[in-house]
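Participant: Model the following, please.
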Amino acid sequence: MQAPENGILAELPGDHAGRRRPWVVGAVVATSLLGVVAATAMVPGASQSPRELQSVVEALGTLTPERITGPTLPFVFDERIQPGDTIHSIFRRLGINDEEVLGFLTEHDEARAVLRQLRAGRSVLALIQPDGRLLSLTLPVAKAESRFTIERTPQGLRARSDAVTATHKLVEMRSGTIRHSLFAATDEVGVPDSVATKLAEIFGTQLDFTSDLRQGDRFSVVYETLHDQGLAVSTGRILAAEFVNRGKKYAVVLHRDADGTFAYYSPDGRGLNHAYLRYPLEFTRISSSFGRRLHPIRRSWRSHNGVDFAAPTGTPVKAASDGTVSFVGRQNGYGNIVIVQHRDRYSTAYAHLNGFARGLGKGDRVHQGDLIGFVGMTGWATGPHLHYEIRINNVAHDPMRIALPTVKPLEGKALSAFKIQTSGMLERLALLNHTVVADAD
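Facilitator: Model (predicted):
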């Protein structure tokens with residue numbers, strides 16, 4: 001008996017070329033298959049004794065895009081921005097080799113502003129030719145319902161800004177178990193890195209994710225995703241989350257306070273977050289601590305009245321707490337600096353900035369987490385970093401050691417309203433955990 005021949009036949013539909021599609025997909029990769037054929041034959045009247053089986057293994061070649069569609073069809077990438085990404089690192093990851101586009105991005109004023117505001121978790125859309133040249137590149141615009149697009153036309157490169165009109169929110173629910181690390185567990189169940197980072201930030205006041213995690217710990221999270229024409233373009237807020245560490249349960253839910261600001265609370269109405277952020281940015285390391293040090297430029301021992309967070313130029317800097325901007329501009333060795341005045345005689349300072357948030361000015365009201373500037377190395381700085389100070393009565397204190405006030409717990413009517421408004425999200429968490437939730441009444 002002749003063993004059947006194994007093969008793969010890939011055929012594009014005949015009307016594919018004439019059909020209008022929102023995306024042109026230029027990569028179809030088929031994994032090599034192993035065909036295993038076993039043949040036996042029974043002759044009438046022959047002995048029924050077992051026959052030795054022989055396996056025939058044939059490895060099929062990989063089907064490359066060139067073999068299926070030819071080398072001219074472009075590739076489409078929907079790439080999520082990673083923490084610390086620059087346009088150069090994104091280009092390297094996608095295999096883009098286009099100095100003309102890089103030069104255009106450097107020289108175009110609006111493009112430079114967009115590149116300074118690349119946010120982790122948002123999506124970059126790229127249409128790339130097989131030789132690495134870009135046909136189009138679409139970048140998200142931070143804190144704006146628009147996108148910035150560069151297209152290659154017969155007349156050269158052109159840029160445009162488009163309003164995102166079809167964006168809508170979906171609520172997603174995920175749960176997982178820790179086996180190695182938080183990010184490995186969130187990847188396993190499809191939770192975006194931006195949501196995982198926010199999850200660690202939310203529970204960071206109660207858990208140390210570098211030492212407290214144990215195998216078997218569990219998490220559940222309810223969060224928003226923003227979709228445009230059926231494509232997930234970014235993540236929104238975490239609406240509710242739960243973490244079980246060593247058998248102890250920690251739960252939070254997002255609640256809008258009477259003044260319109262949002263904050264995370266435990267199910268019994270206790271404010272989870274500190275009233276002040278110790279880390280007003282996503283940073284790589286502390287490059288200089290609070291206290292006396294050898295000044296890197298003056299070469300003399302001086303008092304260092306803040307903490308320096310090393311981070312790439314352009315990293316977003318956030319307001320540590322609600323307050324009013326008392327100064328924005330340049331100030332001696334601080335370079336570009338923002339000073340925010342808070343309640344109870346507290347103020348915070350953010351120095352050596354590369355630039356400020358668009359439109360930020362003295363007297364503006366800011367809320368915790370609002371964008372106020374971008375990491376740089378202006379003033380007396382030898383490398384890109386944020387110099388961060390917390391002051392009480394204009395006297396600097398160590399941001400890493402000072403006892404920071406917490407959000408006040410809800411009471412009375414505010415607590416009753418909170419429980420009614422958040423019951424739906426707590427039910428979603430219970431559904432993820434397969435537990436029964438009693439009705440509020």
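
Participant: Summarise which helices and strands the helix or strand in which Gly329 is found is packed against.
Facilitator: Assigned by DSSP states H and E, Gly329 belongs to strand 323-330. In terms of contacts (3 or more CB pairs under 8 Å, 6 or more residues apart in numbering; DSSP states H and E), strand 323-330 is packed against strand 336-341, strand 346-356, strand 365-366. (Each C-beta comes from the backbone N, C-alpha and C, glycine too.)

Participant: Make a markdown table out of the ones you listed and add mean neighbour count and mean pLDDT.
Facilitator: What follows is the helices and strands packed on strand 323-330, written out as a markdown table (neighbours: other CB atoms under 10 Å; pLDDT from 0 to 100):
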| stretch | mean neighbour count | mean pLDDT |
| --- | --- | --- |
| strand 336-341 | 22 | 94 |
| strand 346-356 | 22 | 92 |
| strand 365-366 | 16 | 90 |
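
Participant: I'd like these laid out as CSV, including distance to His227.
Facilitator: As requested, these are exported to CSV (distance: least, CB to CB, whole Å):
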stretch, distance to His227
strand 336-341, 34
strand 346-356, 31
strand 365-366, 29
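
Participant: Quick check: which of those strands is nearest to Tyr264?
Facilitator: Closest of the helices and strands packed on strand 323-330 to Tyr264 is strand 365-366, at 18.6 Å (criterion: CB to CB).

Participant: Next secondary structure after the closest one?
Facilitator: Toward the C-terminus, strand 365-366 is succeeded by strand 371-375 as the next helix or strand (DSSP H and E).

Participant: Direction included, what does that next one pair up with?
Facilitator: According to DSSP bridges, strand 371-375 forms sheet pairs with strand 316-318 (antiparallel), strand 346-356 (antiparallel).

Participant: Columns distance to Arg147 on top of those, output as TSV?
Facilitator: TSV is the format used below for those (distance: least, CB to CB, whole Å):
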stretch	distance to Arg147
strand 316-318	18
strand 346-356	21
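
Participant: To Arg391, which of those lies closest?
Facilitator: Arg391 sits nearest to strand 346-356 of all those, at 4.7 Å, using CB to CB.

Participant: can you pull out the strands in the stretch 101-250 of the chain?
Facilitator: 123-128, 134-140, 146-153, 156-163, 167-177, 218-228, 231-245, 248-256 (DSSP state E, counting those that start in this stretch).

Participant: between those strands, which gets nearest to Asn354?
Facilitator: Closest approach to Asn354 among the strands of the stretch 101-250 of the chain is made by strand 134-140 (18.3 Å; CB to CB).

Participant: So in that sheet, which strands flank that closest one, and in what orientation?
Facilitator: When pairing is defined by DSSP bridges, strand 134-140 lines up against strand 123-128 (antiparallel), strand 146-153 (antiparallel).

Participant: Next, the buried residues of the strand holding Gly329.
Facilitator: Buried positions in strand 323-330, judged by neighbour count with 16 or more other CB atoms under 10 Å: Gly323, Val325, Val328.

Participant: By average pLDDT, which secondary structure element in this protein comes out worst?
Facilitator: One helix or strand of the chain scores below all others by mean pLDDT, DSSP states H and E: strand 34-37, with a mean of 32.

Participant: can you tell which of the helices and strands packed on strand 323-330 is closest to Phe148?
Facilitator: Closest among these, using CB to CB: strand 346-356, at 17.2 Å.

Participant: So what angle separates the directions of the closest one and strand 323-330?
Facilitator: With axes from the mean of the first three to the mean of the last three CA atoms, to 10 degrees defining the directions, strand 346-356 sits at 50 degrees from strand 323-330.

Participant: can you tell me which of the helices and strands packed on strand 323-330 comes nearest to Ala403?
Facilitator: With CB to CB as the measure, strand 346-356 is the member of those nearest Ala403 (12.0 Å).

Participant: Distance from the chain centre to that closest one, please.
Facilitator: Averaging C-alpha positions (CA atoms, centre = their mean, to the nearest Å) puts strand 346-356 23 Å from its chain's average.

Participant: Could you do stretch 83-99 as well?
Facilitator: Mean-position distance between stretch 83-99 and its chain equals 17 Å (CA atoms, centre = their mean).

Participant: Equivalent analysis for stretch 76-86, please.
Facilitator: Distance of stretch 76-86 from the chain centroid (CA atoms, centre = their mean) equals 9 Å.

Participant: repeat for stretch 380-397
Facilitator: The answer for stretch 380-397 is 27 Å, by CA atoms, centre = their mean.

Participant: Endpoints of that stretch, how far apart?
Facilitator: With CA to CA, to the nearest Å applied, stretch 380-397 spans 21 Å between its terminal residues.

Participant: Stretch 202-221 too?
Facilitator: Length of stretch 202-221, first residue to last, CA to CA: 11 Å.
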